[in-house]
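Asker: I would like to see how this sequence folds:
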Amino acid sequence: MPARRRDPDRTRAELLEVATEVFAAQGYSGARVDEIAELTRTTKRMIYYYFGSKEGLYLAVLENAYRGIRQAERGIDVDHTDPVEAIRRLAELTFDHHVGHDAFIRLVAIENIHRGEFIRRLASVRTLSQPAKSLLDDILERGRGVGAFRTDVDAIDVHLVISSYCVFQVANRHTFGYLFDIDFDDPARRTHLRAVIGDVVVGWLTAPTSSSPSE
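Answerer: Sure, this is the predicted structure:
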């Protein structure tokens, strides 16, 4: 019986999936390539064949994690969606992605603990992030064009607000949940929190521009 041929793309994807969970749980220093090889029923030699080294694997994991949220954002049809609805959908999409990919949040937290040591070696991640800003720029421009959005807020402001809320409710779910007796896994609570970020961003962007106090 002929040996089963390995699908390179599938193998690489499986390695990235497992490595993401291992690095997110144990950090770069704590993660072991031997463990990843065992969990994927492959060998360290095979992992190095695909990624070159442990660092190469970790960098690939980081890049893939950021690519995931960027790909999700492309699902919003800005040109054919009301800008108010588009910004709400973007906020809710970000919420859904972060809830469904908590390993991404843990990786980001680990990378920040190390002051961005590894992500600074990934110029591709900055390139990947540009469409996120362009998407927000397009939505805001269309909203201002029809008089729906205030004019003193830019794309980075909006991205920061959405990301802060969505990251916090995943990254701090255990401590915040314990302190205030909140079950973040409760479907009703999750639906409520999802609606909140949409309401916050829409309410903020559609509020009148603050006027300077008179002297």
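Asker: which stretches of this protein have low pLDDT?
Answerer: 1-6, 210-215 (pLDDT under 70).
Asker: please repeat the previous calculation with a cut-off of 90.
Answerer: Counting by pLDDT under 90, the chain shows low-confidence ranges at 1-11, 66-81, 114, 116, 122-134, 208-215.
Asker: where along it do the helices fall?
Answerer: Along the chain, counting by DSSP state H, helices occupy 8-30, 33-39, 44-51, 54-73, 83-100, 102-113, 123-145, 155-171, 173-180, 187-206.
Asker: now render the ones you listed as CSV, adding mean neighbour count.
Answerer: Where C-beta positions appear, they are placed from N, C-alpha and C, glycine not excepted. Conversion of those to CSV gives the following (neighbours: other Cβ atoms under 10 Å):
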stretch, mean neighbour count
helix 8-30, 16
helix 33-39, 16
helix 44-51, 15
helix 54-73, 18
helix 83-100, 20
helix 102-113, 18
helix 123-145, 16
helix 155-171, 17
helix 173-180, 11
helix 187-206, 15
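Asker: and residue 104, how far is that from residue 65?
Answerer: 5 Å (Cβ to Cβ, to the nearest Å).
Asker: mutual contacts of the two, please.
Answerer: Common contacts of residue 104 and residue 65, defined by Cβ atoms under 8 Å, 6 or more residues apart in numbering, are absent altogether.
Asker: which one is the most centrally placed residue in the chain nearest to, not counting chain neighbours?
Answerer: Centroid-nearest residue in the chain: residue 69, 4.6 Å away (criterion: Cα atoms, centre = their mean). Sequence neighbours aside, residue 97 is the residue nearest to residue 69 in space, at 5.3 Å (criterion: Cβ to Cβ, 6 or more residues apart in numbering).
Asker: go on, residue 70?
Answerer: residue 128 (5.1 Å).
Asker: residue contacts, the one you found?
Answerer: Residue 128 touches 63, 66-67, 70, counting by Cβ under 8 Å, 6+ apart.
Asker: so the residue nearest to the centre of the chain touches residue 94, yeah?
Answerer: Yes - under the criterion of Cβ atoms under 8 Å, residue 69 makes contact with residue 94 at 7.3 Å.
Asker: and the nearest residue to residue 14 once chain neighbours are set aside, how far from residue 58?
Answerer: With sequence-adjacent residues excluded and distances taken as Cβ to Cβ, 6+ apart, residue 14 is closest to residue 40, at 5.6 Å. Distance, residue 40 to residue 58, by Cβ to Cβ: 15 Å.
Asker: done for today, thanks.
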